[in-house]
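Engineer: Here you go, sequence then predicted model.
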Amino acid sequence: MAGRDVVGLRRLFHAHAETAFTEFWTSVTIAAELRRLGYRVFTGPDAIDLSVVPVLPGPQELARAADRARAWGADDGDLRVVRDGRTAVVAELDGDAPGPVTAVRVDIDALPLAESTRAEHAPAREGFTSRDPEAMHACGHDGHIAIGLELARRLSAGDFPGRIRLLFQPAEEGGRGARAMLDAGAVVGVDRLYALHLGLGLPVGEVAAGTSGFFANSKLLVSYAGRQAHAAHAPEEGRNALLAAAQAALGLHALPRFAAADTRVNVGTLRAGTAPNIVAADAELRLELRATSGQVCDELERRARAVLTAAGAAHEVEVRIERIGAATTAACDPAAVHAIAAAARSVPAVTGVHTDHRFGASDDATFLMRAVQEQGGKATFLVVGASSPAPHHSPAFDIDETCLDIAADTLERAIRAPEKECP
């Protein structure tokens, strides 16, 4: 990757989209570049603890991901480190003067989404659409990777105060990667944490140094197990898992609103049955619950579990409920917000700086933020405008690539000038 500018890096990773815990090519490519730049690089168990992850890709999916990464040029020796899903990369470099330990969180996973091939979609028009037809960087994480590596390059001479720690995190989508890196010690000793996101409704040129309105999030996998029977000859002998799941889905969307917080409920998938003339013995739901209060999210989950269990009882089917992902709420520290705002205002391409931007969704960087704050450090979640032509998680999502240098400039200046952290 030597010689690629930040736009070239973004396009390279955009074309090699990989989903949660299968970011094999992405991980080994990032690690190789960071080693080339002279960073201390940690991978495998030193970077992530998979024992806390509730659901990981199965053996077939992992094998497919390894074959794909190999076809894209990944070395078998490098792949051995990541083949079980340990795709996180942590890199450190010491500066040439005393100063804080600053961590920058970069998420690296793509979404299970087929990318647009329409001519008006710039990656299609310019030839860097995803090489995997079932995965796409539709949330800007390809840009985040490019910014992280560009920042690493700019700081590689060590001419900054303190220590930089770059956290390249898998599985942000689904809320599983941050907690697993946290349990491997990702933010131990960190004084400042900057988490980054592109887009989120801001136009290119604008930077939000802080974010509010995070939703706590709980994602559930629900399995119903009933009994098959002939749907006409002996329907009474069956126990219909499909109907239990359907009743649960409707009941979940009828859960009450809360006066104390904004809430969201969504059943994203429902799979059940084998044939029209067979009572369905199995059904599976995947759903998410969100709230702007962690306590309300917990109460919403309690009520959701009651609905799910009651639907199973009504149809006499077994129910298994498993939490497969989560995020929490977090608040940005004024000192960290000030540091980013001061840095952004000094970047010529920045046309507007906000101290707050409403996130209106979930991000598991909140776990990392809270952990840093609990140990006495400061954290913020910055948003860099990208003038996205289509919504996040859309097949036509894209960014104005001008945002990449703006983000790298802002982070670099904040890291080089830690004395600006306090007003």
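Structural biologist: Thanks, I have it.

Engineer: Now stretch 86-100: buried residues?
Structural biologist: Arg86, Thr87, Ala88, Val89, Val90, Ala91, Leu93, Gly95, Gly99, Pro100 (16 or more other C-beta atoms under 10 Å). Where you see a C-beta, it was placed from the backbone N, CA and C, and this is true even at glycine.

Engineer: quick one: which of these sit in strands?
Structural biologist: Counting by DSSP state E, the part of the buried residues of stretch 86-100 found in strands is Val89, Val90, Ala91, Leu93, Gly99, Pro100.

Engineer: from those, which is closest to Gly127?
Structural biologist: For those, the residue nearest Gly127 by C-beta to C-beta is Val89; the value is 27.3 Å.

Engineer: what sits against that closest one?
Structural biologist: Ser27, Ile30, Ala31, Leu34, Val41, Phe42, Thr43, Ala47, Leu166, Phe168 (C-beta atoms under 8 Å, 6 or more residues apart in numbering).

Engineer: can you check Val188 too?
Structural biologist: Gln375.

Engineer: So for the most centrally placed residue in the chain, what's the nearest residue that isn't a sequence neighbour?
Structural biologist: Ranked by distance to the mean C-alpha position of the chain (C-alpha atoms, centre = their mean), the top residue is Glu172 at 1.8 Å. With C-beta to C-beta, 6 or more residues apart in numbering as the criterion, Glu172 has its nearest non-adjacent residue at 3.7 Å, and that residue is Asp107.

Engineer: burial of the spatially closest residue to Pro112 that is not a sequence neighbour, as a residue count?
Structural biologist: Nearest residue to Pro112 in three dimensions, chain neighbours excluded: Thr19, at 5.4 Å (C-beta to C-beta, 6+ apart). By the criterion of other C-beta atoms under 10 Å, Thr19 has 22 neighbours.

Engineer: go on, the one 5 residues further on?
Structural biologist: As a burial measure, Phe24 scores 26 neighbours (other C-beta under 10 Å).

Engineer: got it, and Pro170?
Structural biologist: Residue crowding around Pro170 was assessed by other C-beta under 10 Å; the count is 32.

Engineer: Gly360 versus that one, what's the distance?
Structural biologist: Between Pro170 and Gly360 the computed distance is 24 Å (C-beta to C-beta, to the nearest Å).

Engineer: Show the backbone phi and psi for the nearest residue to Phe258 once chain neighbours are set aside.
Structural biologist: Using C-beta to C-beta, 6+ apart and skipping the chain neighbours, the partner closest in space to Phe258 is Val296 (5.1 Å). Phi and psi for Val296, reported as degrees, to the nearest 10, are phi -70, psi -40.

Engineer: in terms of contact, does the residue nearest to Glu172 touch Gln169 like I think?
Structural biologist: Yes. Look at Asp107 against Gln169 with C-beta atoms under 8 Å: they come within range, at 5.0 Å.

Engineer: returning to that earlier point: could you check how far the residue nearest to the centre of the chain is from Ala69?
Structural biologist: Counting by C-beta to C-beta - Glu172 and Ala69 are separated by 20 Å.

Engineer: Going by residue numbers, what spans are strands in the protein?
Structural biologist: 40-42, 89-94, 97-107, 161-169, 192-198, 206-208, 211-212, 216-225, 263-272, 282-291, 318-327, 352-354, 357-358, 378-384.

Engineer: Can I get those in TSV including mean pLDDT?
Structural biologist: Converted to TSV, the strands of the chain look like this (pLDDT from 0 to 100):
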stretch	mean pLDDT
strand 40-42	98
strand 89-94	98
strand 97-107	97
strand 161-169	98
strand 192-198	98
strand 206-208	98
strand 211-212	95
strand 216-225	96
strand 263-272	96
strand 282-291	96
strand 318-327	93
strand 352-354	98
strand 357-358	94
strand 378-384	98
